[in-house]
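**Q** Below is the sequence, then the predicted model.
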Amino acid sequence: MAGTLYMVIEHFTGGAEPVYQRFRERGRMTPEGVTYVGSWVDTTLARCYQVMQADDRAQLDAWIANWSDLVEFEVHEVMPSADAAARVLGHA
């Protein structure tokens, strides 16, 4: 898989409705080099857990800037579990 994977935790500052309204009107607004992998929303509709892939962090930050008026972001670089196991067991 090319690029770096990021777990992005989005905290909806004004609720989910403004976020979904913008998404309906403008789409995901990802710059070139950023790919949506998947997402899950908690049952209170307060947070979204999203995996994104980016060629570099600056591209991800450009995407975050498109949403920062509606969302507070927490970003963690992640890897597939199989890669973590290989690293821990010395196979990487």
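**A** Noted; the coordinates are in hand.

**Q** who touches the longest helix along the chain?
**A** Selection of the longest helix in the chain by residue count, based on DSSP state H, yields helix 16-26. The set of residues external to helix 16-26 that reach it, using C-beta atoms under 8 Å, 6 or more residues apart in numbering, is 10, 12, 41, 45-46, 48, 67, 70-71. (Glycine included, C-beta is placed from N, CA and C.)

**Q** could I get it in CSV with only the CA atoms?
**A** C-alpha atoms of helix 16-26 as CSV (Å, rounded to 0.1, in the frame of the first residue of the first chain):
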residue,chain,number,x,y,z
ALA,A,16,-23.0,16.1,12.9
GLU,A,17,-25.6,18.0,10.8
PRO,A,18,-23.3,20.8,9.5
VAL,A,19,-20.6,18.2,8.6
TYR,A,20,-23.0,16.0,6.6
GLN,A,21,-24.5,19.1,5.0
ARG,A,22,-21.1,20.2,3.7
PHE,A,23,-20.2,16.7,2.6
ARG,A,24,-23.5,16.5,0.6
GLU,A,25,-22.8,19.9,-1.0
ARG,A,26,-19.0,19.7,-1.6
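
**Q** Quick one: list the elements packing against the helix or strand harbouring residue 6.
**A** When secondary structure is defined using DSSP states H and E, the element that contains residue 6 is strand 4-12. Packing contacts for strand 4-12, counted by 3 or more C-beta pairs under 8 Å, 6 or more residues apart in numbering; DSSP states H and E, involve helix 16-26, strand 47-54, helix 57-65, strand 71-78.
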